[in-house]
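Asker: Build me a model:
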Amino acid sequence: MQIQRTPILFRRSISNEFKLLFLAFLSVLMMITDAGYNDGYVIPKLREYISLIIYPFQRTAFAPIDMVKKANDWLDAANLSRKENEILQKQRIELAQVLTHASQLESENAQLRRLLGIVDSTSETAIVVEVLYEPKNLSSKHLVFNKGRNAKIIPGMPVIDESGIVGQIIRVTNKTSEAALVSDNKISIPVQILRNGLRLIVSGSGFVNNMEVKYMAADADIEIGDILVTSGIGGIYPAGLSVAKITSVERNNSSGFLKAIASPLSNSNRYRHFLVLCVEQ
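Answerer: Below is the predicted model of the structure:
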């Protein structure tokens, strides 16, 4: 006799409500067992074994979080390192500027001490001035200083540095003054050769760092390397200040005259501070 069986598709299974109740009962039973027998030997060992089994799954589950934390830590460290490098670079630049400024101040102080030494060695009153700017002029070179008529500076006063004559004041306002350098073609200075005392007139040529001595007799005793100093004639420039050094001598036998080229000894391009001599006009 053939037994009639129910198709698998329509076979009845355990209901979900029963499964839920069973799992809840099992959970409560495990909690009670864990709470009541925690001090024993079996439960801690069982928990330890279960922990060992599920540990790889825990690490796998937490791996993305760990990676995100490590990435954040690395980014934070990189940002911190970048900020520290920026701060160190800023400090290096600031220290370099401080050192440069200190070196500049030391150089200027040394120059001012030399200028004061010149004042002590002369009987003239001097005014320390500082360069404000240089007017742009292709044919001549001038300097504008930060003191003028209010500091008792007037046109005609000579300007010097520790190396000699720099120029002469040609224009004055209440707050500023303008000086033409010795190479300006409007400047002429009575000088004498330091080697033999020969008196001459040296004039600016209109070219930077270039002066001329004209209309000397062809047999004048002047040589390359001679130093020209102020003679004191005329009352504008005190005697004994360095002016220029002879760099070339041209003798023209047909005209009977001699021409010499000289290079100023002052350093108008190097310094910011100069002295204006208050000579009686």
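Asker: per-residue confidence at residue 154?
Answerer: If you check residue 154, the pLDDT there is 93.
Asker: what stretches of the stretch 151-281 of the chain score poorly on pLDDT?
Answerer: 279-281 (pLDDT under 70).
Asker: mind listing the strands for it?
Answerer: With DSSP state E, counting those that start in this stretch applied, the stretch 151-281 of the chain shows strands at 158-161, 164-172, 177-181, 188-193, 199-204, 211-217, 227-230, 242-252, 257-264, 273-278, listed in chain order.
Asker: Among those, single out whichever gets nearest to residue 52.
Answerer: Residue 52 lies closest to strand 273-278 among the strands of the stretch 151-281 of the chain, at 84.9 Å (CB to CB). Any C-beta I mention is one placed from the backbone N, CA and C, and that applies to glycine too.
Asker: picking that back up, mind checking the strands of the stretch 151-281 of the chain for the one nearest to residue 71?
Answerer: Comparing these under CB to CB, the one sitting nearest is strand 273-278, at 59.9 Å.
Asker: Name every strand pairing with that closest one and say which way it goes.
Answerer: Strand 273-278 has the following sheet partners, assigned by DSSP bridges: strand 125-133 (antiparallel), strand 158-161 (antiparallel).
Asker: contacting residues around residue 256?
Answerer: Counting by CB atoms under 8 Å, 6 or more residues apart in numbering, residue 256 makes contact with 217, 218.
Asker: make it 7 Å
Answerer: For residue 256, the contact set (CB atoms under 7 Å, 6 or more residues apart in numbering) comprises residue 218.
Asker: any idea how far the residue nearest to residue 193 when sequence neighbours are not counted lies from residue 274?
Answerer: Excluding its sequence neighbours, the residue lying closest to residue 193 (CB to CB, 6 or more residues apart in numbering) is residue 226, at 5.0 Å. For residue 226, the distance to residue 274 equals 25 Å [CB to CB, to the nearest Å].
Asker: swap in residue 235?
Answerer: In this view, residue 235 and residue 274 are 21 Å apart by CB to CB.
Asker: Look at those two and report which has more neighbours.
Answerer: residue 274 (25 against 11; other CB atoms under 10 Å).
Asker: Strands of the stretch 1-150 of the chain, start to end?
Answerer: Along the stretch 1-150 of the chain, counting by DSSP E, counting those that start in this stretch, strands occupy 125-133, 142-145.
Asker: Pick out the shakiest of those, pLDDT-wise.
Answerer: Mean pLDDT is lowest for strand 125-133 among those, at a mean of 87.
Asker: and the angle for that one with strand 164-172?
Answerer: 70 degrees (axes from the mean of the first three to the mean of the last three CA atoms, to 10 degrees).
Asker: Would you mind listing the outside residues contacting strand 125-133?
Answerer: Counting by CB under 7 Å, 6+ apart, 112, 115, 119, 143-147, 151, 153, 176, 272-278 sit against strand 125-133.
Asker: Show me which residues of that strand are buried.
Answerer: For strand 125-133, a neighbour-count test (16 or more other CB atoms under 10 Å) marks 126, 127, 128, 129 as buried.
Asker: just to revisit the earlier point, mind listing what the residue nearest to residue 193 touches?
Answerer: Neighbour list for residue 226: 193, 195, 246 [criterion: CB under 7 Å, 6+ apart].
Asker: Quick one: those residues as CSV, columns for neighbour count and distance to residue 133 too.
Answerer: Below are the contacts of residue 226 laid out as CSV (neighbours: other CB atoms under 10 Å; distance: CB to CB, whole Å):
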residue, neighbour count, distance to residue 133
193, 21, 36
195, 14, 38
246, 21, 32
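Asker: would you turn those residues into a markdown table with distance to residue 86?
Answerer: Below are the contacts of residue 226 laid out as a markdown table (distance: CB to CB, whole Å):
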| residue | distance to residue 86 |
| --- | --- |
| 193 | 62 |
| 195 | 62 |
| 246 | 57 |
